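Undergrad: Build the 3D model from these lines:
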Amino acid sequence: MNNLKLVLPKDTYFLGEKQKYGSIVYIRRCYLALIELIEESRHGPNDPAYSGCTITGTPGIGKTFFALFLFFYIRNKYPSATIIWRADQATCYQFSPDGKVKKGDRYQFQNALHDRNNFYLVDAQVLEEQKAYMLHFTSPKKERSNEAVKSPGFTTYFMPIWDQEEIFTLWSEVFKDKKDSSGQEFSLQVVKDLLNKWGPIPRSVLAKWNDTTYQNQYIGLVEKVDLEKCMDSINHDGMPKGDSISGKLIHLDVDSSFTNMKYRFATNELASNLIDEYESKTRNSIRNFIVCGRDFPETASFRGHLFEDYSHRKLCKGGSFKVRCLMENVVTEITEKDIIERKNSIYTTLEDIREDCYNRPKSKSNISVDSFVYKDDNTLDLYQITISTNHGIKVHGLREIRNFLGKHRVINVYFVVPSMIFKSYPFQDYQTVRGKKMKKLPKWIDNITQYALEIDMQGSEQCKRRADSVDLSIKKAKYNSNN
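TA: The predicted structure follows:
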C-alpha cells in the first residue's frame, strides 16, 4: 500500500453511509494500475473495454472501495460527465456536473444512461446494458452477469488479493489500538495468526477479527470440504460452487496483467489442513488424488497447491531424491540427492529464518522460491515447487535472500516437480519482477546451478489401485455434472 488515502471532509460520508462506507478510502497500488488499464482499453470500438468492464475478484478484498475511488477519479477527470451509481436493486444516485444529486430507481435516469459520455457504476448488482460507460463491481457469481458482459467492447478485469504489507499497513492505520469485548488487544500477533488461517483478506483478517461466530466457521468449513466434490464443482468457467468460494477457503490468484487468474486455496495452512482431513476421511494418500486429477486441466491450480504442500512434507522429512542438473540444450544424467530430516520453520521476515532448518515463507509476494535451506558449509539450497514446465526465476527475490545471507554462498535452485515431467524438465529463464525474461543478467547469476528434483507420484501397486478408484469416482461425478 502506498500509505495514500482519500479522505472526505469532517462529518461527510460516501453516499451518506457512515457505517457502510465511512469517509476514508485507502488507495492500494493496484487501484492506479487498474484505472490506467481501463483508460488504455476504451479508446475505440475495437478496444476490449470500449463500452465497459467488470471488476471482480475474491470476495472481501474491497471492490466497493475501489469503485468509490474510481468515482472520485471520474468526477475529477471528466467533470462534465453525469455519474449514476447503482447501490442496490431499487436505488440509484445521479450525480450531475453542477453538483446536484438525485436519488431514485434507474428508470428515472434513462436520459443520462443513454449518453455514452456518462458513467454507470453498478456495485454488487445484476448489470443491464446501457449506452453510458458501464463499470460493474462484483464477486465472481454468474447470476450477476447477463447479456451486457457478452457484448463487444465489454471485458472483465480481476482485482488481486491484498499482500501482507497492505494488511499490516491498514491494521496500523485503523485497527491497531482496538480491543474486543473481553479486553483482548488486536495485536500484530493476532493479525499474523489470522493471516495464517484466512490469507490476506481484509474482511476476514481485519473487519471480522473479533467476530467469534465468523472466526469459528473456519474449522467447520474445513471439515465440510469434500475435495473430490470441490474439484468436480468447478464449472466450465473454472468457478468452484458453494460456500468455499465466499472468499473464505478459495482465492482468485491474479497475474500482473489483471486479465488472467487461477483459483487456489487461501493459505498453505489451509491446504495442509485439507490434506489431513482428506487422508483421515478416505484413508487415501493425497498423492493419489493429485495424480488422478491430472486429466482435468481446470483443476490444475488446486492440484498444484496440494502438490506443493505434499512436496513440502516430503522435503522436510528428508530421504533420497532423484535430481537432474539443468543446462540449456544439454541432456544431463539423473543422480541421487540425500536430504536429511529438518525442522519445519515458517517465517514472516528474513530475520526469522533459521540455519539448517526447512524455511518456508508465510507470504510469497516478495520472494522467488517456496522454501530454502542454508547450511554452515556456505551452501544455499532453494526449492521452487511446480507442476508447470515454464516457471521462470525472479531475480529480485533471489537477490534479497542472497544479500541477507551473504554474497559468497554456493546457490542451488531445485525445481521440485512430479514424476511425469521430471525427465524432460527444461532449464528456466531468469526474469524481471514483471515476469519478463531478463536480458542482462547480473554476474552473480553465473554461480547458480539449476536442478530438477523428482517427487515420486507413482507409488506402490496398492496406491495405484486406490488412485484408479478415486480417478473413476471423479470421472463419474464429472460425467453426471455434464448430463
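
Undergrad: Could you tell me how many residues sit around residue 256?
TA: A count of nearby residues for residue 256, using other C-beta atoms under 10 Å, gives 12. Placement of C-beta: from N, CA and C, glycine included.

Undergrad: Quick check on it: phi, psi?
TA: Dihedral pair for residue 256: phi -70, psi -10, per degrees, to the nearest 10.

Undergrad: Confirm for me that it is in contact with residue 434.
TA: Yes: when contacts are counted by C-beta atoms under 8 Å, residue 256 is listed as touching residue 434 (5.7 Å).

Undergrad: which residues in the stretch 151-300 of the chain form helices?
TA: Taking DSSP state H, counting those that start in this stretch, the helices of the stretch 151-300 of the chain run over residues 164-170, 188-198, 202, 212-224, 227-232, 268-282, 286-292, 300-317.

Undergrad: who touches the last one?
TA: With contacts defined as C-beta atoms under 8 Å, 6 or more residues apart in numbering, helix 300-317 is touched by 230-231, 253, 262-265, 268, 271-272, 274-275, 286-287, 289-290, 293-294, 339, 341-344, 358, 360, 370-371, 383, 385-388, 416, 418, 455.

Undergrad: what's the angle between it and helix 268-282?
TA: Here the directions of helix 300-317 and helix 268-282 differ by 90 degrees (axes from the mean of the first three to the mean of the last three C-alpha atoms, to 10 degrees).

Undergrad: Quick one: list the elements packing against whichever helix or strand comes after helix 300-317.
TA: Using DSSP states H and E, the next helix or strand after helix 300-317 towards the C-terminus is strand 319-326. On a contact count with 3 or more C-beta pairs under 8 Å, 6 or more residues apart in numbering; DSSP states H and E, strand 319-326 meets strand 334-339, strand 448-455.

Undergrad: neighbouring contacts of strand 319-326?
TA: By C-beta under 8 Å, 6+ apart, the residues outside strand 319-326 that reach it are 332-339, 414-415, 422-423, 425-428, 449-455.

Undergrad: in its sheet, what does that strand sit against?
TA: Using DSSP bridges, the strands paired with strand 319-326 are strand 334-339 (antiparallel), strand 448-455 (antiparallel).

Undergrad: Would you tell me which one of the ones you listed is buried the most?
TA: strand 448-455 (a mean of 20; mean count of other C-beta atoms under 10 Å).

Undergrad: mind listing what's buried in stretch 282-289?
TA: Under the neighbour-count criterion of 16 or more other C-beta atoms under 10 Å, stretch 282-289 has 282, 284, 285, 286, 287, 288, 289 buried.

Undergrad: and if you look at stretch 35-43?
TA: Buried residues in stretch 35-43 (16+ other C-beta under 10 Å): 35, 37, 38, 41, 42.

Undergrad: With residue 393 as the reference, measure out to the last one.
TA: Separation of residue 42 from residue 393 (C-beta to C-beta, to the nearest Å): 36 Å.

Undergrad: weakest of the helices of the stretch 151-300 of the chain in terms of mean pLDDT?
TA: Among these, helix 227-232 carries the lowest mean pLDDT, a mean of 69.

Undergrad: from the buried residues of stretch 35-43, which single one is nearest residue 409?
TA: Closest approach between the buried residues of stretch 35-43 and residue 409, by C-beta to C-beta: residue 37, at 39.7 Å.

Undergrad: give the contact list for the closest residue to residue 13 other than its chain neighbours.
TA: Excluding its sequence neighbours, the residue lying closest to residue 13 (C-beta to C-beta, 6 or more residues apart in numbering) is residue 23, at 5.1 Å. With contacts defined as C-beta under 8 Å, 6+ apart, the neighbours of residue 23 are 7, 8, 9, 12, 13, 14.

Undergrad: now the residues you listed in TSV, with distance to residue 173, secondary structure and pLDDT?
TA: Shown next, in TSV, are the contacts of residue 23 (distance: C-beta to C-beta, whole Å; DSSP: H, G, I helix; E, B strand; the rest coil; pLDDT from 0 to 100):
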residue	distance to residue 173	secondary structure	pLDDT
7	11	strand	95
8	16	coil	95
9	19	coil	95
12	19	coil	95
13	18	coil	94
14	17	helix	94
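
Undergrad: Compare these and tell me which is most surrounded.
TA: Neighbour tally across these (other C-beta under 10 Å): the maximum, 22 neighbours, falls on residue 14.

Undergrad: how far away is the nearest residue to it once chain neighbours are set aside from residue 409?
TA: The shortest distance from residue 14 to any non-neighbouring residue, by C-beta to C-beta, 6+ apart, is to residue 21 (3.7 Å). Computed as C-beta to C-beta, the residue 21 to residue 409 distance reads 51 Å.

Undergrad: Kindly report the same for residue 82.
TA: Using C-beta to C-beta, we find residue 82 at a distance of 61 Å from residue 409.

Undergrad: Tell me which of the two has more neighbours.
TA: Taking neighbours as other C-beta under 10 Å, residue 82 and residue 409 compare with residue 82 leading, 21 against 17.

Undergrad: can you pull the contacts of that one?
TA: 94, 95, 96, 97, 112, 115, 118, 119.

Undergrad: Now it: phi and psi?
TA: phi -90, psi 140.

Undergrad: just the one 4 residues further on next, same as before
TA: With angles defined as degrees, to the nearest 10, residue 86 shows backbone torsions of phi -100, psi 110.

Undergrad: so it bridges to which residues?
TA: residue 92, residue 122.

Undergrad: Wait, it touches residue 126, no?
TA: No: taking C-beta under 8 Å as the definition, residue 86 is not a contact partner of residue 126, at 9.6 Å.

Undergrad: neighbour-wise, which of those two wins?
TA: Shown here are residue 86 and residue 126; by other C-beta under 10 Å, residue 86 has more neighbours (23 against 15).

Undergrad: Would you mind measuring from that one to residue 49?
TA: Using C-beta to C-beta, residue 86 is found at 19 Å from residue 49.

Undergrad: Surely residue 137 is in contact with residue 121?
TA: Yes: using C-beta under 8 Å as the test, residue 137 is close enough to residue 121 to be in contact (7.3 Å).

Undergrad: Now for those two: what residues contact both?
TA: With C-beta under 8 Å, 6+ apart, residue 137 and residue 121 have common neighbours residue 67.
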